[in-house]
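*Asks:* everything below, folded, please.
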Amino acid sequence: MTLAAPTRGFMAARPAMLINRKAYRVAHVARAGDQTATEKAKQAYESAKGDLSESAQQVKDRVGSAAEDAKDRLNDVAEDRQEKLGDAKEKVGDALSSAGDSAKDTYESGKEKAGSVADTVAEKANAAGNAVKETYESGKEKASDLAGQVVDKVKDAGHGVKDAIGDAAHRIEEAADRH
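*Replies:* Have a look, this model is predicted:
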């Protein structure tokens, strides 16, 4: 005697149990050798066969229904996930776009500040260059004045030496004339 494998509890195994019970009765009656028992056994067999077909159809319908439900749930989950993925893509796209705009603004601001700093540095460099130029010109004038003063002093000293030599020569001549 074989029993059908239960799929869900007692109720799933029940049709197989009924068939087996009817088959047992048929076999028991057939041993008795009764002609009506054989006919009853055939009827019981046909009835059990019908019950089994009906049970198989019910199981098939339930499995098909569960498969359809599972398929519908999977489709719902897939649609929901696709929708959330679309929303996430949109949010990421918006965030990247915003970050790009912010970076561009920061770059432009930095560029303007760098230009402003460069202008300030250029102005200060020009002012420092002009101050150095003025200092140089002033130093050049002072050096020229000092050089003129040195030349004048050297000339004066030269005249003084010339006068002293002329005096010395004149004295030597006078002394030579006297002797």
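*Asks:* lowest-confidence helix or strand of this structure?
*Replies:* helix 9-32 (a mean of 53; mean pLDDT, DSSP states H and E).
*Asks:* next secondary structure after that one?
*Replies:* Remark: after helix 9-32, the chain's next helix or strand is helix 35-178, criterion DSSP states H and E.
*Asks:* tell me what that next one is packed against?
*Replies:* helix 9-32 (3 or more Cβ pairs under 8 Å, 6 or more residues apart in numbering; DSSP states H and E). In this view, the C-beta of every residue, glycine as well, is placed from N, C-alpha and C.
*Asks:* point out where the chain drops to low pLDDT.
*Replies:* 1-35, 37, 179 (pLDDT under 70).
*Asks:* roughly how far does residue 146 sit from residue 138?
*Replies:* When Cβ to Cβ, to the nearest Å is the yardstick, residue 146 and residue 138 sit 12 Å from each other.
*Asks:* what does residue 119 give?
*Replies:* To residue 138, residue 119 is 28 Å away according to Cβ to Cβ.
*Asks:* same thing with residue 79?
*Replies:* When residue 79 is compared with residue 138 (using Cβ to Cβ), they lie 87 Å apart.
*Asks:* how many neighbouring residues does residue 120 have?
*Replies:* Residue 120 is flanked by 10 other residues according to other Cβ atoms under 10 Å.
*Asks:* residue 48 now?
*Replies:* Neighbouring residues of residue 48 were enumerated by other Cβ under 10 Å; the total is 20.
*Asks:* ok, and for stretch 137-151, which residues are buried?
*Replies:* Taking 16 or more other Cβ atoms under 10 Å as the basis for neighbour counts, none of the residues of stretch 137-151 comes out buried.
*Asks:* mind telling me which residue is nearest the centre of the chain?
*Replies:* To find the centre residue of the chain, average its C-alpha atoms and take the closest one (Cα atoms, centre = their mean): that gives residue 96, at 9.1 Å.
*Asks:* okay, now residue 44: neighbour count?
*Replies:* Look at residue 44: counted by other Cβ under 10 Å, it has 20 neighbours.
*Asks:* begin at 29, not 1, for the rest of this chat.
*Replies:* Yep, numbering from 29; the last one is residue 72 now.
*Asks:* can I get stretch 187-205 in CSV, CA atoms only?
*Replies:* Listed next in CSV are the C-alpha coordinates belonging to stretch 187-205 (Å, rounded to 0.1, in the frame of the first residue of the first chain):
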residue,chain,number,x,y,z
HIS,A,187,94.5,123.9,-6.8
GLY,A,188,95.8,123.9,-3.2
VAL,A,189,98.6,121.5,-4.2
LYS,A,190,99.3,123.5,-7.3
ASP,A,191,99.4,126.7,-5.3
ALA,A,192,101.6,125.0,-2.7
ILE,A,193,103.9,123.6,-5.4
GLY,A,194,103.9,127.0,-7.1
ASP,A,195,104.7,128.6,-3.7
ALA,A,196,107.4,126.1,-3.0
ALA,A,197,108.9,126.6,-6.5
HIS,A,198,108.8,130.3,-6.1
ARG,A,199,110.5,130.1,-2.7
ILE,A,200,113.1,127.7,-4.1
GLU,A,201,113.8,130.2,-6.9
GLU,A,202,114.1,133.0,-4.5
ALA,A,203,116.3,131.0,-2.3
ALA,A,204,118.4,130.1,-5.4
ASP,A,205,118.6,133.7,-6.4
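*Asks:* no further queries at this time; thank you.
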